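Participant: Here is the input, now give the coordinates:
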Amino acid sequence: MERYRKHIYCDWDFFTALTSKQDGEASCLDNSFNIDDELASDIRNLLLCSDVKLYLNISKDFFYNFLDEAEKKSKVERDALDNLVINMEYKRHNSALHLHFNASKVQFNESIIDTDKLNALFFSCESKEVCSEAMRNYGIIVFCAENINDFKYLTFDQGVALQKAETSNWSKCLGGHDVVPCNSLVIIDNYILNDADSIDENLPKIFDSLIPKSLYKKLHFQVTIFATLCNDRGTPYNSETRLKRIKEILSELRQNITFEVSIIKCSKDKFHDRTIFTNNLFIGCGGGFDLFKRGKSKKTTTVCVLHPFLNNHTKWSRKAYSDILYDARDVYNKTTLFDEERMNESFPSFARGERINRLFDLS
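Facilitator: From the prediction side, this is the model:
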């Protein structure tokens, strides 16, 4: 099974400007890019790494004509182009870089709904107004050449260490930056739905920290929660009541967003770690996401929050994201919707709600 590779749609001018230069040098192809060196290095490494499928808005003919024309350019430009071509050609022939030619620019309109583009990253030469509107409407990240340095916050990694009985909450643990654009969210935690009081204390702040304030009206935000839905003695909880409360919390927090919510009952041996992932974030907490009670931590634990594809300092996170995504999809695909006529809460595996999440539409 091929490991998950993030889809990236990149404008050709953006790509050549970033990948044709070395760290610390001005771009030989586009000197209008006044980009922070560390951010430029992070983006360049991402565009040329083996963990993505890269779509450039050019045709194959254009690309090979570009290579032919390189011989006519100045030595400085040729050196930059050689560096670019060596990277592309070497990786492409060794099947490390999944390179695709997409002859037309991506249109940031409702045509991208229900496509794999809602899980993609974008690097665009459109105006910052166009890019900002796309992020607000569709919960996607669109790196904009015009204000590229504003996106440096996306390369963060954030860690929080909590001691038992320490006063805190999920807003503090997941905060410190803007809500990272997304349109889907998955929570994996065997015990997150066991206690009704913990649901009310923990989930609202988690959702408020991770879900955008608004989305395009035709785009539904999708939430899926994996949990055992039973206590240590195997006594089941009422899944319908849990699902109803989750929907109430979401509608109270984001009145302008339509949600598609599902909960997946699974056995304890399916997942050990407690994880949240969105289209663009990977979050882990050893103590679980039912962590806080009356504003204090119930355990000594740590929380890790990062963007698994943009952070080049923790490359293990890309594999971790991929592994948990595939495992969760496998459990998700094997569950069936709860049927009142032939099932009861003691069934070992079932789904409540819409049972739809675009994060599991892998290609």
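
Participant: Can you give the domain ranges for the chain?
Facilitator: The record's domain parsing of the chain by automatic domain parsing lists 6-152, 157-360.

Participant: Check the average confidence over the first one, would you?
Facilitator: Throughout domain 6-152, pLDDT has a mean value of 78.

Participant: gap between it and the chain center?
Facilitator: In terms of CA atoms, centre = their mean, to the nearest Å, the gap separating the centre of domain 6-152 from the centre of its chain is 19 Å.

Participant: End to end on stretch 122-136, go ahead and measure it.
Facilitator: Stretch 122-136 has an end-to-end distance of 14 Å (CA to CA, to the nearest Å).

Participant: Could you list the buried residues of it?
Facilitator: Using 16 or more other CB atoms under 10 Å as the test for burial, stretch 122-136 gives 122-126, 131, 133-135. Where C-beta positions appear, they are placed from N, C-alpha and C, glycine not excepted.

Participant: Same question for stretch 250-258.
Facilitator: Within stretch 250-258, the residues scored as buried using 16+ other CB under 10 Å are 250, 253-254, 257.

Participant: Check the offset of it from the chain's centre.
Facilitator: 21 Å.

Participant: and if you look at stretch 319-331?
Facilitator: A distance of 13 Å separates the centroid of the chain from that of stretch 319-331, by CA atoms, centre = their mean.

Participant: How about stretch 266-281?
Facilitator: 14 Å.

Participant: Report the mean per-residue pLDDT for it.
Facilitator: 92.

Participant: First-to-last residue distance for that stretch?
Facilitator: Stretch 266-281: ends 23 Å apart by CA to CA.

Participant: How about stretch 288-295?
Facilitator: By CA to CA, one end of stretch 288-295 lies 15 Å from the other end.

Participant: what comes up buried for that stretch?
Facilitator: So, applying 16+ other CB under 10 Å, buried residues of stretch 288-295: 288-292.

Participant: Pipe the residues you listed into JSON lines and attach secondary structure per row.
Facilitator: Listed next are the buried residues of stretch 288-295 as JSON lines, based on DSSP: H, G, I helix; E, B strand; the rest coil:
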{"residue": "G288", "secondary structure": "coil"}
{"residue": "F289", "secondary structure": "coil"}
{"residue": "D290", "secondary structure": "coil"}
{"residue": "L291", "secondary structure": "coil"}
{"residue": "F292", "secondary structure": "strand"}
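
Participant: and of those, the nearest to I199?
Facilitator: Checking the buried residues of stretch 288-295 against I199 by CB to CB gives D290 as the nearest, at 7.7 Å.

Participant: From K296, how far out is the closest one?
Facilitator: 13 Å (CB to CB, to the nearest Å).

Participant: Okay, A103 and L210: tell me how far apart.
Facilitator: For A103, the distance to L210 - CB to CB - is 35 Å.

Participant: Look at these two and report which has more neighbours.
Facilitator: Counted by other CB atoms under 10 Å, A103 and L210 do not tie: L210 has more neighbours, with 20 against 11.

Participant: Give me the distance between the residue nearest in space to the middle of the chain and L185.
Facilitator: For the chain, the residue nearest the mean C-alpha position is N280 (1.8 Å; CA atoms, centre = their mean). N280 sits 11 Å away from L185, taking CB to CB as the criterion.

Participant: One more: D37?
Facilitator: Per CB to CB, D37 is found 33 Å from L185.

Participant: higher neighbour count, the two?
Facilitator: More crowded of D37 and L185, by other CB under 10 Å: L185, with 25 against 11.

Participant: picking that back up, just the buried residues of stretch 122-136: which are in strands?
Facilitator: 122-124 (DSSP state E).

Participant: from the residues you listed, which is closest to G139?
Facilitator: The shortest gap between G139 and any of these belongs to F122, at 12.1 Å (CB to CB).

Participant: Ignoring the adjacent residues along the chain, who's closest to that closest one?
Facilitator: V142 (4.3 Å; CB to CB, 6 or more residues apart in numbering).

Participant: quick one, phi/psi of the one you found?
Facilitator: phi -120, psi 100 (degrees, to the nearest 10).

Participant: Let me know the closest of the buried residues of stretch 250-258 to W170.
Facilitator: Of all the buried residues of stretch 250-258, L253 has the smallest distance to W170: 12.6 Å, by CB to CB.

Participant: Specify the beta-bridge partners of T301.
Facilitator: Judged by DSSP bridges, the bridge partners of T301 are L162.

Participant: got the contact list for it?
Facilitator: Contacts of T301 were listed using CB atoms under 8 Å, 6 or more residues apart in numbering, and they are 162, 285-288, 291.

Participant: re the thing from before, quick check: the farthest pair among the buried residues of stretch 250-258?
Facilitator: Checking the buried residues of stretch 250-258 with CB to CB, the most distant pair is L253 and I257, at 8.7 Å.

Participant: where do the contact lists of those two overlap?
Facilitator: Listed as contacting both L253 and I257 by CB under 8 Å, 6+ apart are I211.

Participant: just for the stretch 201-350 of the chain, where's the confidence low?
Facilitator: The model of the stretch 201-350 of the chain has pLDDT under 70 over residues 312-313.

Participant: Helices of the stretch 201-350 of the chain, residue ranges please.
Facilitator: 239-253, 316-334 (DSSP state H, counting those that start in this stretch).
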